[in-house]
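>>> with the input below, show me the fold.
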Amino acid sequence: DSRCLVYVSDRHGDEEVYCYDFPTRRETRLTCGKKRKSAPCFSPDGRWIAYASGDDEIRLIDVVTGEDRPFVRARFVFGASFAWSPDSRWLAFCAQDERFFSNLYVQHIEEDQAHQISFLSNLQAAGPLWSPDGRFIIFTTGQYRAESQIARIDLQPQPPVFREAEFERLFELHKSDVRSEPAPGHPSATGPIHPRCADADREPQPVVTPVIEPDHTPAQQQASPKLVRRASSPAVEIVFPGIERRLRLLTPPQMDAIALCISPDGRDLVCSATVAGRQNLWTLPLDEPRADQGPRQLTSTPGAKSHAWFTPDGKHLYFLDGGTIAVRKFPKGDQTTLPISAEVVIDFAQEKRQIFEECWRLLRDYFYDERFRGIDWEAAHERYAPLIQGAQTAYEVHLLINLMIGELRSSHVGLFRSDGNGGQDGYLGIALDPVEYLRSGRFRVASVIPDGPAAVARNGAIQPGDMLLAVNGVPLTPETSLDALLQRTAGRRVILRVLTPAGDQRDIEVRPVSAEQYDWLRYRAWVLENEQIVHRASDGRIGYVHIRKMSYDAYQRFLTDLDVEMHSKEGLVVDIRFNSGGHTATFILDVLMRRSVLFSAFRNRSVADSSHIFGNRVLNKPTVLVTNEASSSNAETFSESYRRQGLGKIVGKPTAGAVVGAFTRRLIDGSSLRLPQLRVVTPEGEDLEGRGRPVDIDVPLRLGEWRYGRDAQLEAAVRALLADLDAERR
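Just a heads-up that it's a prediction; the model follows:
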């Protein structure tokens, strides 16, 4: 009824739920306790306030009596996500089971046990949305990868809906008006109207329930919110037998979609979806006659879209677009921006205390080791709080907090701030000869990165030995900064004057790349050099792949490189050196572990693994793994699993010993806290954090040998794998 607002504030230390009453302009504190509170929301009838307490409970506050009572007990590892049913009698929520699978549950207001209604082996589930009539629930589900899908669960078996009924209803609407002339402006004067169009112009007529006034004021609530008249909703009925078979996915995986809101008439879902790298709002039909129409794109602007809401009449849609509030007519119409501005005065003394206290509490509540690796965390707070009081800059605040965090001696933790994407300074894809520059001040090209700007330049590629004379007409002298001349040139045309070793001068047009692109080109050049080392050392018998990260993109690159490198090869060197981790180790292990069990062949054709016919790779080749001190996190779990599965020898140096699952929390000043929450242990109980994974053949990487096309670790890996191959032959 827009009279009261519930919210969370941590002004007194821990997060607590507060209520502000607009007519009386009074604030009331509703909860008191050490557990973290979050996501308070009113039930549709205004009788209850539900909120999450810690990561294992949802509690209810009776608005009339002020009673705060326990309701749902469940696991909310990734944060509580819940929604009231339209009739205010059920709560739908997403929770995790003992295997960390996230699914949807419902619990009646008068029950103390929840009912599980989805049964997916997915890691993430969030954002439940009840249909306005209470017949189904929409939620978002997905794995810890790149794509999320939208699921629908019908709470009752749905009878068939016939498309013909839509057509027949057109005639039923006007059957009583057959013999009479329509009045001017009457819909039938210009032909029949689609039922939806007629409804869109009709004012809703709610059924009103009586006003409920509390007859007393609870002790802890000086100004209790009043319940006013509201439109009543039909009672929600759930048929639990067979509900596990009434789930269906509404979006294809490639959409990477997130459900946002349902139209007031229950016929349309608005979601955000990323397609081809662009995130926009889309709409999906939810009624059966239009279900086969598929998703339709609503927006096409470059900004990020979120927080979409329909107006009560369903005619307009509000949402955030790139940080601004946008509004558009629904389903079709122009998009406009709502002009909103505000001024903020930042009190640094309060802000620094807020950041410090929030970081300390988050680690107190969620750090994976309840013993804090032997540190007295309360004492750490008392020791660092006075130092924070004396900090004069944001840098000092972050430094002190990171010093406190450092006492935990944990990886995957720290306070940091993003510095952007590296700007638009340009890179040519060349390496200059430092000896020549120190001796004469001239810019002689020592090497050219394959596929870089200099290698694919117009008017001929730059070659090693060429001398750079000028950039865009500016001569290069010993006092000239080449970096300064290439500022803000990424993606733009740059003209280089070049002197060849034969004494010829020519102008070459190049398009410099950004720092991120340059980093990728250098990395791929390093991989190519490693391939050549392995090929030479094995006389072409062994292939080589490097896995840069345990990310989905890197996994796709691994599959591509694997296909290329294993063509006519007998074995494979898998290199995870300098791999900082991620989450796709199990995907890669699955590929390496597959072995042929069945074979297929067309008539008079060669025999192949049956899996190949259906698009699955089966390696069927021996492998060797290379690690080093910079292999960390998910790369280390990959190494440990590789060893336990007996896939091959491990060569190089033991890994970093930085194995813990971390999540990121945003702070008030825009900085982020990386928070370790997930322990990783062996079946024997050994904690991988702080204990690097061992190798079978310990080989150091000698300083500077890459310059001469050597790599002792790769060469040792090749020798070990060749020995295994030769032993198999014998």
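>>> C-alpha from now on. contacts and neighbour counts both.
Fine.
>>> wasn't Asp724 part of a strand?
No: under DSSP: H, G, I helix; E, B strand; the rest coil, Asp724 sits outside any strand and is assigned helix.
>>> quick one: it from Leu247, how far?
Computed as C-alpha to C-alpha, to the nearest Å, the Asp724 to Leu247 distance reads 50 Å.
>>> what about Ala723, distance to Arg541?
In terms of C-alpha to C-alpha, Ala723 sits 12 Å off from Arg541.
>>> ok, these two, which is more surrounded?
Set Ala723 next to Arg541 and count neighbours by other C-alpha atoms under 10 Å: Arg541 wins out with 18 against 12.
>>> got the contact list for that one?
The contact partners of Arg541, taken as C-alpha atoms under 8 Å, 6 or more residues apart in numbering, are 535, 568-571.
>>> how close does it sit to Ala461?
Taking C-alpha to C-alpha as the criterion, Arg541 is separated from Ala461 by 33 Å.
>>> what residue ranges in this structure score low on pLDDT?
Along the chain, the parts satisfying pLDDT under 70 run over 145-146, 163, 166, 173-232, 291, 419-422.
>>> make it 50
Counting by pLDDT under 50, the chain has low-confidence residues at 176, 178-229.
>>> the longest helix in it is where?
helix 515-538 (DSSP state H).
>>> then that one to PDB, C-alphas only?
This file holds the C-alpha atoms of helix 515-538, laid out as PDB (Å, rounded to 0.1, in the frame of the first residue of the first chain):
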ATOM      1  CA  ALA A 515      46.800  -4.200 -24.100                       C
ATOM      2  CA  GLU A 516      44.400  -7.100 -23.700                       C
ATOM      3  CA  GLN A 517      44.800  -8.100 -27.300                       C
ATOM      4  CA  TYR A 518      48.500  -7.800 -27.200                       C
ATOM      5  CA  ASP A 519      48.700 -10.000 -24.100                       C
ATOM      6  CA  TRP A 520      46.700 -12.700 -26.000                       C
ATOM      7  CA  LEU A 521      49.000 -12.500 -29.000                       C
ATOM      8  CA  ARG A 522      52.100 -12.800 -26.800                       C
ATOM      9  CA  TYR A 523      50.600 -15.800 -25.000                       C
ATOM     10  CA  ARG A 524      49.700 -17.600 -28.300                       C
ATOM     11  CA  ALA A 525      53.200 -16.900 -29.600                       C
ATOM     12  CA  TRP A 526      54.600 -18.600 -26.400                       C
ATOM     13  CA  VAL A 527      52.300 -21.500 -26.900                       C
ATOM     14  CA  LEU A 528      53.500 -21.900 -30.500                       C
ATOM     15  CA  GLU A 529      57.100 -21.900 -29.400                       C
ATOM     16  CA  ASN A 530      56.300 -24.600 -26.900                       C
ATOM     17  CA  GLU A 531      54.700 -26.700 -29.600                       C
ATOM     18  CA  GLN A 532      57.900 -26.400 -31.600                       C
ATOM     19  CA  ILE A 533      60.000 -27.500 -28.600                       C
ATOM     20  CA  VAL A 534      57.800 -30.600 -28.100                       C
ATOM     21  CA  HIS A 535      57.700 -31.500 -31.800                       C
ATOM     22  CA  ARG A 536      61.500 -31.200 -32.100                       C
ATOM     23  CA  ALA A 537      62.200 -33.200 -28.900                       C
ATOM     24  CA  SER A 538      59.800 -36.000 -29.900                       C
END
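>>> now do the buried residues in that helix.
For helix 515-538, the neighbour count (16 or more other C-alpha atoms under 10 Å) marks 515, 517-518, 521-522, 524-525, 527, 529-535, 537-538 as buried.
>>> I'd like to know which elements it is packed against.
Under the contact definition 3 or more C-alpha pairs under 8 Å, 6 or more residues apart in numbering; DSSP states H and E, helix 515-538 sits against strand 542-546, helix 712-729.
>>> got CSV for those, with distance to Leu338 too?
Formatted as CSV, the helices and strands packed on helix 515-538 follow (distance: least, C-alpha to C-alpha, whole Å):
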stretch, distance to Leu338
strand 542-546, 49
helix 712-729, 60
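>>> measure stretch 23-33 end to end?
Across stretch 23-33, first to last residue, C-alpha to C-alpha, it's 28 Å.
>>> let the chain start at 27 from now.
Sounds good: first residue 27 from here, last item stretch 49-59.
>>> ok now that stretch, how far from the chain's centre?
Chain-centre distance of stretch 49-59: 35 Å, with C-alpha atoms, centre = their mean, to the nearest Å.
>>> verify the stated contact: Val686 with Ser437.
Yes: Val686 lies in contact with Ser437 (C-alpha atoms under 8 Å); the separation is 7.2 Å.
>>> tell me which element Arg629 is part of?
According to DSSP states H and E, Arg629 maps onto no helix or strand at all.
>>> for it, grab phi and psi.
When read as degrees, to the nearest 10, the backbone of Arg629 gives phi -60, psi 130.
>>> give me the neighbour count for it.
Neighbour tally, Arg629, other C-alpha under 10 Å: 7.
>>> relative to Val644, how far out is Arg583?
17 Å.
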